[in-house]
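Participant: Below is the sequence, then the predicted model.
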Amino acid sequence: MLFLISSAPDTKEFKTAYKLAKDMSADICLLQNAVYAARSLNETIRDNENNPPIPPLVKGGEVGLSGENTVYVLRDEMQLRGITENGISSKIIDYSQLIDLMVKTDKVLGIF
């Protein structure tokens, strides 16, 4: 399963999608403002003070939610927002690679 997430990492929508993808062991592709999360995937994301923190997407240098899942980020979206590839531990792809990924994945879920 592939989750397409476009919301900024500080939004409720992103945090909900992130947690759902983690719980479902799904791959993630960061689009639009979600690419800002690629800079801080090693950090724990806090939903709010009442809920436990969501663990990072990257653990022990392995990209993904459990080592077998992958986090993708679109190169063009990063460039539009002035984000360089330095320090990005996600797999950087272009739009044609995203299309290929969507075609070969059994299910694709867009969360905005």
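Facilitator: Structure's in. What do you need? Since the model is a prediction, treat every value here as computed from it, not as a measurement. Numbering: from 1, shown residues only.

Participant: Tell me who's in contact with the nearest residue to G110 once chain neighbours are set aside.
Facilitator: Distance criterion CB to CB, 6 or more residues apart in numbering; nearest residue to G110, sequence neighbours excluded, is L4 at 4.5 Å. C-betas here are computed from N, CA, C, even on glycine. Contact analysis of L4 by CB atoms under 8 Å, 6 or more residues apart in numbering lists 29, 31, 108-111.

Participant: and stretch 92-108, how far apart are its ends?
Facilitator: Terminal residues of stretch 92-108 lie 18 Å apart, using CA to CA, to the nearest Å.

Participant: Pass me the low-pLDDT residue ranges in the protein, would you?
Facilitator: Across the chain, the ranges flagged by pLDDT under 70 are 40-68.

Participant: ok, how many other residues are close to S96?
Facilitator: 8 (other CB atoms under 10 Å).

Participant: part of a strand, is the residue nearest to G110?
Facilitator: Yes. Looking at L4 with DSSP: H, G, I helix; E, B strand; the rest coil, it is inside a strand.
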